[in-house]
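Undergrad: with the input below, show me the fold.
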Amino acid sequence: MQQQNPTPQHLFSGLGIAPGLLDILERLNYKYPTPIQYQTIPSAMEGKDVVGIAETGTGKTLAFGIPILQRLAREKGKGLILLPTRELAEQVDEELHKIGKPLGLKTAVLIGGLSIKPQIRDLAKNPHIIIATPGRLIDHMEQKTVTLDSITILVLDEADRMLDMGFQPQIRKILQNLPDKRQTMLFSATMPHEIMTIATKYMKLPVRIEAAPSGTLPEKVLQEIFIVRREKKLQLLEMLLQKYSGSTLIFTRTKYGAKKVAGVLRMNRYSAVEIHGNRSQGQRRDALSGFKSGKYRVLVATDIASRGIDVRGIELVINFDFPSQSDDYVHRIGRTGRAGAEGRAITFALPEEHQEIRAVEQLIRKTILISIPPGGSPMDVVPPSVGPNAPRPKRNFRPHRSSGYQHKRRF
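TA: Numbers count the residues shown, from 1 in each chain. Coordinates of the predicted model:
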């Protein structure tokens, strides 16, 4: 089901939203729905199952949040929102409370890294919506501090990751404990075919809404790739931080890599902080809030942050390590250029990672500019050979699996 995108003449008032919620949206200066909100809200209000695909930073939270609040206000039941990271769970809770607090909204946020006791207290208050990561929700289910038999609306945000192999056993266990009679909504910026096939097993005649094709990136993000040898990466990184003075988000593949890069930057007197799975929840919160406030210019993160950071004004995203999955490229890059702003994304690729580059280009349906480092020479970025003797991609790399688009490229 496809609907036209909103124009300046389209307002929230034309989507069937209750007057009380419209008043709240007006006070928050939300006048015009984004394409994903405009297309999703009417179907979700009717209780239909929905698969929503839209680029990051386009308001997916309100696309499912507004229908949940309105439906729960007039019907019995509760909502359950599942997300892959703690940061994303807290972000969704914050966004829902902006519009739900005047209505008396009560939520329980169930995430790891924090004491379980305050979460038990929040559950005892009979919340309208439970916002959770799968692992911690299962902890509560096993301790019998939560039951899911009253859930009438289920949302899987970042559904491609939630239904991927890493989370599938947990999601399956949760779904087994949910009522069969429920509304299910999935949202993500990418939706590989295999994930869509899995998702439809748990849904009833879902309405597929594509505000943008799967893999679409923000229009105003300038993308570049530097093919650089491993030992030159830190040198190139410092060159780029000297060239671009704005807030910068750097992605590494490993927790050790994030710690090392942040440490080197601090040693070179950059205000930098890291966020990864070995950091406590308090440290992760401090890092994110410090980055938002400007205390830290640079945030170094693993992919835990590619789906959990909603910070306006990030000037530059740097992929210090090429993402292990091509889908993750979309989510990483989506941290800049949010809500129509301009941004820049720079990726470091090793000479042997030419196949990985092609997989990303296949997903985003675009050829990415290959650049020479500032002050560098072409010898620092010798491209790989193409042909039978070219290096093969790493075995743990997982290309995007759904698109049939292919094109030729020379390096």
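Undergrad: can you give me the strands in the protein?
TA: 50-53, 78-82, 107-110, 129-132, 151-157, 183-188, 207-210, 221-227, 248-251, 272-275, 298-301, 316-319, 343-349, 369-370 (DSSP state E).
Undergrad: save those strands as TSV, and put in mean pLDDT and distance to Thr145 too.
TA: Yep, even glycine has a C-beta here, placed from its N, CA and C like the rest. Below are those laid out as TSV (pLDDT from 0 to 100; distance: least, C-beta to C-beta, whole Å):
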stretch	mean pLDDT	distance to Thr145
strand 50-53	91	30
strand 78-82	97	15
strand 107-110	97	9
strand 129-132	98	11
strand 151-157	95	15
strand 183-188	92	24
strand 207-210	89	34
strand 221-227	89	43
strand 248-251	94	35
strand 272-275	92	28
strand 298-301	93	31
strand 316-319	93	39
strand 343-349	91	42
strand 369-370	84	52
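Undergrad: just for the protein, where's the confidence low?
TA: 1-9, 165, 212-219, 304-310, 337-341, 373-411 (pLDDT under 70).
Undergrad: can I see the domain layout of it?
TA: Under the assignment automatic domain parsing, the domains of the chain span 12-210, 221-381.
Undergrad: reformat those as a markdown table; add mean neighbour count.
TA: Converted to a markdown table, those look like this (neighbours: other C-beta atoms under 10 Å):
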| stretch | mean neighbour count |
| --- | --- |
| domain 12-210 | 19 |
| domain 221-381 | 19 |
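Undergrad: in CSV: the strands of the chain, plus distance to Ala89.
TA: Formatted as CSV, these follow (distance: least, C-beta to C-beta, whole Å):
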stretch, distance to Ala89
strand 50-53, 18
strand 78-82, 8
strand 107-110, 6
strand 129-132, 5
strand 151-157, 9
strand 183-188, 14
strand 207-210, 23
strand 221-227, 26
strand 248-251, 19
strand 272-275, 15
strand 298-301, 16
strand 316-319, 22
strand 343-349, 25
strand 369-370, 36
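Undergrad: from Lys260, how far out is the closest residue in space to Glu95 that isn't next to it in sequence?
TA: Leaving aside its sequence neighbours, Glu95 sits nearest to Thr61 (C-beta to C-beta, 6 or more residues apart in numbering; 4.5 Å). Distance, Thr61 to Lys260, by C-beta to C-beta, to the nearest Å: 34 Å.
Undergrad: and Thr58, how far is that from His97?
TA: 20 Å.
Undergrad: correct me, but Arg297 touches Arg269?
TA: No - shown here, Arg297 and Arg269 do not form a contact pair, counting by C-beta atoms under 8 Å, at 10.9 Å.
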